[in-house]
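Chemist: I would like the atomic coordinates for the input below:
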Amino acid sequence: MNQIKIRLSAMMFLQFFVWGSWFVTLGTFLGNNLGATGSQIGMAFSTQSWGAIIAPFVIGLIADRYFNAERILGILHVLGALLMYQMYVSADFTAFYPYVLAYMITYMPTLALVNSIAFRQMENPSEEFSKIRVWGTIGWIAAGLVISYLFSWDAPGAISSGLLKNTFIMSAASSLILGLFSFTLPATPPGIAKGEKLLLKDILGLDALRLLKDRNFAVFFFSSVLICIPLAFYYQNANPFLSEMGVANPTGKMTIGQVSEVGFMLLLPIFLSRYGIKKTLLFGMLAWVLRYLMFAFGNNEELVVMLLLGIALHGICYDFFFVSGQIYTDSKAGDKFKSSAQGMITLATYGVGMLVGFWVAGQITDFYALEAGHDWRGVWVVPAGFALMVFFAFMLTFRSEDIKYEK
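Modeler: Numbers count the residues shown, from 1 in each chain. This next block holds a predicted model:
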């Protein structure tokens, strides 16, 4: 691995260590330490979506036009570290919410930026990207292991004594490190020449919308929006669900999903080559259905293996739909608007779809709330059924095609 790839791998590791340091346990923290309701927890998670909705405009206006992507990445992560500290010192949900909203507005554009920086350094992204992106997964795993097994911040006693909020300090420190490190990354200049005339659509970052004229990409785009509705249930409810079911070290056990993600990330180029983009995306969507059914009918006793298998399916769920979708989007975008295209797919997945999904998940969670805990079978059957409908709709409307890079 050459020096540039090592630096890109470190960038990915820190990018997802920052996120995994606090996001997995957010629902558990808010419910147990700030007394938040299911709807309020949904509001907190939906800040991710508002950030993702704004991200394409930030990327389209700035990264593709005026400033180097690595410099914007550094500034956003330094600012994010300051906001994360404010989340750490917040005493109630009312004080906490504005900071988590501001943080997500700064963080979500960085997902597209790290992809853009990585893609610009590659000659064959369909072969090279997964080997760099896998280090982001390793970063997420490391964060979960630190929380559960090094510090035990998610143990029942630690949660009740307020130690779980230390995850925000860990995230703030790692965000500051990444911010400073970003200024050493390979220069990634704007994709549009300075002298090129800018129209209103350019200023608003709407160039990537031209991709929707491609029927297949339009089907993929809207399927991405819809499949993220059930995805929101996992992000919002998985950690509280495992904690409530009595699973020991829930955050650490959730890293099983990321370990699986590492394996399937490395297998992704083989699947794309052998089965094509359509079947790869379908494998990913079907895995969401199976995962939620395992959560619905498993338990922490004789059927605990179903819970663990449901977590382990994360590798297929995430890699085969979201990472392959990023590669597919990059192949459609051409050289000129790679950052805008990545920002637009971030809007589709983490933005609009999950904004609706977090709201629905909050409402469903409150609906199935009991005096002591929740009727989790009822909660999980809803996203399983929805994911199945998206699976069939995509299968019938998306035409098989090979990934070919357009210039």
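Chemist: hey, which helix is longest across this protein?
Modeler: Ranked by residue count, the top helix of the chain under DSSP state H comes out as helix 250-297.
Chemist: Need the per-residue pLDDT for Val323.
Modeler: Listed pLDDT for Val323 reads 84.
Chemist: how much space between it and Ser160?
Modeler: From Val323 over to Ser160 the distance is 37 Å, taken as Cβ to Cβ, to the nearest Å. Yep, even glycine has a C-beta here, placed from its N, CA and C like the rest.
Chemist: in what helix or strand does Ile177 lie?
Modeler: Following DSSP states H and E, one finds Ile177 within helix 166-182.
Chemist: Kindly calculate the angle that that helix makes with helix 250-297.
Modeler: 110 degrees (axes from the mean of the first three to the mean of the last three Cα atoms, to 10 degrees).
Chemist: how far away is Pro373 from Met306?
Modeler: Residue 373: Gly, not Pro. Distance of Gly373 to Met306, given as Cβ to Cβ: 18 Å.
Chemist: Just want to know which of the two has more residues nearby.
Modeler: For the pair Gly373 and Met306, the greater number of neighbours falls to Met306 (17 against 12), based on other Cβ atoms under 10 Å.
Chemist: The more buried one and Ser46, how far apart?
Modeler: 29 Å.
Chemist: Also Gln363?
Modeler: Distance from Gln363 to Ser46, by Cβ to Cβ: 12 Å.
Chemist: More neighbours: which of those two?
Modeler: Per other Cβ under 10 Å, whichever of Gln363 and Ser46 has more neighbours is Ser46, with 23 against 14.
Chemist: From what I see, the more buried one and Val360 are in contact.
Modeler: No. In this structure, Ser46 is not within contact of Val360 by Cβ atoms under 8 Å, at 10.4 Å.
Chemist: that older thread, ok, Val323 and Ser160, which is more surrounded?
Modeler: Taking neighbours as other Cβ under 10 Å, Val323 and Ser160 compare with Val323 leading, 24 against 11.
Chemist: So that one belongs to a helix, correct?
Modeler: Yes. Using DSSP: H, G, I helix; E, B strand; the rest coil, the assignment for Val323 is a helix.
Chemist: Correct me if wrong: it contacts Ser126.
Modeler: No. Val323 is not in contact with Ser126 according to Cβ under 8 Å; the separation is 10.9 Å.
Chemist: Okay, now the unreliable bits of this protein?
Modeler: 1, 56-65, 191-207, 334-340, 342-343, 404-407 (pLDDT under 70).
Chemist: Could you measure from the residue nearest in space to the middle of it over to Glu371?
Modeler: Centroid check for the chain by Cα atoms, centre = their mean gives Tyr350 as the closest residue, at 6.6 Å. Computed as Cβ to Cβ, the Tyr350 to Glu371 distance reads 34 Å.
Chemist: And Gly310, by the same measure?
Modeler: 26 Å.
Chemist: Compare neighbour counts for the two and give me the winner.
Modeler: The neighbour comparison of Gly310 against Glu371 (other Cβ under 10 Å) goes to Gly310, with 25 against 4.
Chemist: Pull the contacting residues for the more buried one.
Modeler: Residues counted as contacts of Gly310 (Cβ atoms under 8 Å, 6 or more residues apart in numbering) are Leu290, Arg291, Tyr292, Met294, Phe295, Gly298.
Chemist: Quick one: residues contacting the last one.
Modeler: This means Gly298. Val304, Val305, Met306, Leu307, Gly310.
Chemist: at 6 Å what do you get?
Modeler: With contacts defined as Cβ atoms under 6 Å, 6 or more residues apart in numbering, Gly298 is in contact with Met306, Leu307.
Chemist: Check the secondary structure at Val247 for me.
Modeler: Once three-state DSSP is applied, Val247 turns out coil.
Chemist: Skipping adjacent residues, who's closest to it in space?
Modeler: Closest residue in space to Val247, ignoring its immediate chain neighbours: Asn300 at 5.5 Å, by Cβ to Cβ, 6 or more residues apart in numbering.
Chemist: phi, psi of the one you found?
Modeler: phi -90, psi 20 (degrees, to the nearest 10).
Chemist: From Val352, how far off is it?
Modeler: According to Cβ to Cβ, Asn300 and Val352 sit 35 Å apart.
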